[in-house]
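Asker: just to be clear, the model below is a prediction. Sequence and coordinates:
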Amino acid sequence: ALGEYSKAIEIDSTKEKAYYEMGKLYMKSNRKTEAFESYTKAIAADPAAIDPLMQRAAIYYANKEYKNAIADYDSVISISKVYYLAYRERGMAKLMLYYYNDAADDFTRFLIFKPEDAMAYYYRGLSRIGNRENEDGCLDFNTALKLGYTNAQSAIDKSCK
């Protein structure tokens, strides 16, 4: 399949889709460097291509390059304010950089679109606790626990008693 995409790129290197599909194949083969390069080429071919931006941001995040991940998530959100997964993922990156207030805001925006996501409540709770908003953080942990996110119990025990 990689050979077919390479041929397609030789014919027309302006098509983002071929680079994106190559990136997905590289990721399945655990060849993250090549995947990153393919996603970057896809973005160069079409800067408004959300899928390659999200995938490249995920690689940045996995490599602990949180500011680069945030920049890609910012691009996604500027392209589509309703691509709600970008808010959650950007919130995670901001949380890792201790940008607690901004992270909580991103989790809140995500929860507007997906209010049953227990993990988002948990991480918003962590953000709020980090921002010294203990009561709100504990409420989020309780919501996460009610929605089935069992890790919230240890956060409740540590921060809410």
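Answerer: Right, received. Where do you want to start?
Asker: quick one: contacts of stretch 98-108?
Answerer: If you take CB atoms under 8 Å, 6 or more residues apart in numbering as the criterion, stretch 98-108 is touched by 87-88, 90-92, 94-95, 120-121, 123-124, 127-128, 130-131, 133. (Each C-beta comes from the backbone N, C-alpha and C, glycine too.)
Asker: which of the residues in the helix or strand containing Gln55 are buried?
Answerer: Per DSSP states H and E: Gln55 is located in helix 50-62. By neighbour count on 16 or more other CB atoms under 10 Å, the buried set for helix 50-62 is Ile50, Asp51, Pro52, Leu53, Met54, Gln55, Arg56, Ala57, Ala58, Ile59, Tyr60, Tyr61.
Asker: and stretch 99-115, by the same measure?
Answerer: Tyr99, Tyr100, Asp102, Ala103, Ala104, Asp105, Asp106, Phe107, Thr108, Arg109, Phe110, Leu111.
Asker: what's the mean pLDDT across it?
Answerer: When pLDDT is averaged along stretch 99-115, the result is 98.
Asker: for it, list the C-alpha coordinates in PDB.
Answerer: Taking Å, rounded to 0.1, in the frame of the first residue of the first chain, the C-alpha atoms of stretch 99-115 are listed here in PDB:
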ATOM      1  CA  TYR A  99      -1.700  25.800  32.400                       C
ATOM      2  CA  TYR A 100      -4.500  24.900  34.800                       C
ATOM      3  CA  ASN A 101      -7.000  27.600  34.000                       C
ATOM      4  CA  ASP A 102      -6.600  27.200  30.200                       C
ATOM      5  CA  ALA A 103      -6.800  23.400  30.500                       C
ATOM      6  CA  ALA A 104     -10.000  23.600  32.600                       C
ATOM      7  CA  ASP A 105     -11.500  25.900  29.900                       C
ATOM      8  CA  ASP A 106     -10.700  23.500  27.100                       C
ATOM      9  CA  PHE A 107     -12.200  20.500  29.000                       C
ATOM     10  CA  THR A 108     -15.300  22.700  29.600                       C
ATOM     11  CA  ARG A 109     -15.600  23.400  25.900                       C
ATOM     12  CA  PHE A 110     -15.200  19.700  25.100                       C
ATOM     13  CA  LEU A 111     -17.900  18.800  27.700                       C
ATOM     14  CA  ILE A 112     -20.400  21.100  25.900                       C
ATOM     15  CA  PHE A 113     -20.200  18.600  23.000                       C
ATOM     16  CA  LYS A 114     -19.800  15.400  24.900                       C
ATOM     17  CA  PRO A 115     -21.200  15.800  28.500                       C
END
